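Undergrad: Kindly generate the corresponding structure for this input.
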Amino acid sequence: MENYHPNHQFAYHLISNADLFGDWTCYYAPVSASSDEQVCPLCNGTSWKPVEATNGDGRVTRCDCWRESVTRRLIADARIPLRYRHCTLNDFATYDNETLEEAQRRAQKLADAFPVVERGLFFLGDPGVGKTHLAVAVLKQVVLKQADAADPIGNKVHDNQFGLGGADLNGRDLVYDGSGADNCFGPNTGVALTLPADVSAFPACPFQGANTFNAAAQSEALGWAGDTTHEKFWIKHPHAPKQGYTPLEHYKK
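TA: Modelled structure (predicted):
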């Protein structure tokens, strides 16, 4: 771990539309798979493992080893120098220094919100205060989030009853950007509003093959997440009353 000194001055600036960390030059050693890496016993190296459906039918789904390999590849592609690969936001040393604590908090906030962010972070300070540590830690968390967001494979959305027979409607019943493969929908009842509106985006079960990606649907959904009012894109309906419950219209901290 780097040697940090609590008396070092540490400053950060938020710059509108700045790159995440600015330009840098780094040296790295390529990461490659070990020559003695064992073949996964669950999928036999195919990245697909067999599972049994509730009706007894056999099917396959993405193996855990595939998701782990995606994470390893993304981390390797990030080309993080060896001396910084251990860096995380949790092990950043602040030494009870308010400025360092605030820098860590800002870094965590950006990493949690990414990619729905309006500004990047620009770290400025003396050598050894932890600028690179925070930058790498944010990068790693964003990369791991990408791995968690890997394309959905083999999901079935079926036997759902939406809207309580018309008495308690949802704003939108189904939202799907068409990413991934082997994802299917139905039978479901009460589906009234979907994004996208084109029902062909929700192929009926069973379905095999690549789903049709819809960039406009993805962009619209991301726009909801970036709405600072959290209400601009609501589609409101009256809800069936429930004894003992008061509907929450506006959430305030």
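Undergrad: Show me the shaky parts of this protein.
TA: Applying pLDDT under 70 to the chain flags residues 1-37, 52-60, 146-151, 251, 253.
Undergrad: Contacts only, for the residue nearest to residue 134 when sequence neighbours are not counted.
TA: Excluding the flanking residues, the one nearest residue 134 by Cβ to Cβ, 6 or more residues apart in numbering is residue 107, at 4.7 Å. Yep, even glycine has a C-beta here, placed from its N, CA and C like the rest. The contact partners of residue 107, taken as Cβ atoms under 8 Å, 6 or more residues apart in numbering, are 89, 92, 121, 134, 137, 138.
Undergrad: The third one touches residue 108, doesn't it?
TA: Translated: residue 121. No: if you go by Cβ atoms under 8 Å, residue 121 and residue 108 don't touch, sitting 10.8 Å apart.
Undergrad: Neighbour count: the two, which is higher?
TA: Of the pair residue 121 and residue 108, residue 121 is the one with more neighbours under other Cβ atoms under 10 Å, namely 24 against 17.
Undergrad: Just to be sure, that one is in a helix?
TA: No: with DSSP: H, G, I helix; E, B strand; the rest coil as the criterion, residue 121 is assigned strand and is not in a helix.
Undergrad: any idea how far the closest residue in space to it that isn't next to it in sequence is from residue 116?
TA: Leaving aside its chain neighbours, residue 121 sits nearest to residue 110 (5.7 Å; criterion: Cβ to Cβ, 6+ apart). Distance, residue 110 to residue 116, using Cβ to Cβ, to the nearest Å: 10 Å.
Undergrad: which of these two has more neighbours?
TA: Remark: of residue 110 and residue 116, residue 110 carries more neighbours, 19 against 11, as counted by other Cβ under 10 Å.
Undergrad: Can I get the one helix or strand the more buried one maps to in PDB, CA atoms only?
TA: Element membership for residue 110 (DSSP states H and E) is helix 98-113. Coordinates of each C-alpha in helix 98-113 appear next as PDB, following Å, rounded to 0.1, in the frame of the first residue of the first chain:
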ATOM      1  CA  GLU A  98     -11.800  15.600   6.300                       C
ATOM      2  CA  THR A  99     -10.600  16.500   2.900                       C
ATOM      3  CA  LEU A 100      -9.600  12.900   2.100                       C
ATOM      4  CA  GLU A 101     -12.900  11.600   3.500                       C
ATOM      5  CA  GLU A 102     -14.800  14.000   1.300                       C
ATOM      6  CA  ALA A 103     -12.700  12.900  -1.700                       C
ATOM      7  CA  GLN A 104     -13.500   9.300  -1.000                       C
ATOM      8  CA  ARG A 105     -17.200  10.100  -0.600                       C
ATOM      9  CA  ARG A 106     -17.300  11.900  -3.900                       C
ATOM     10  CA  ALA A 107     -15.500   9.000  -5.600                       C
ATOM     11  CA  GLN A 108     -17.900   6.500  -4.200                       C
ATOM     12  CA  LYS A 109     -20.900   8.600  -5.200                       C
ATOM     13  CA  LEU A 110     -19.700   8.800  -8.800                       C
ATOM     14  CA  ALA A 111     -18.900   5.100  -9.000                       C
ATOM     15  CA  ASP A 112     -22.400   4.200  -7.600                       C
ATOM     16  CA  ALA A 113     -24.200   6.500 -10.100                       C
END
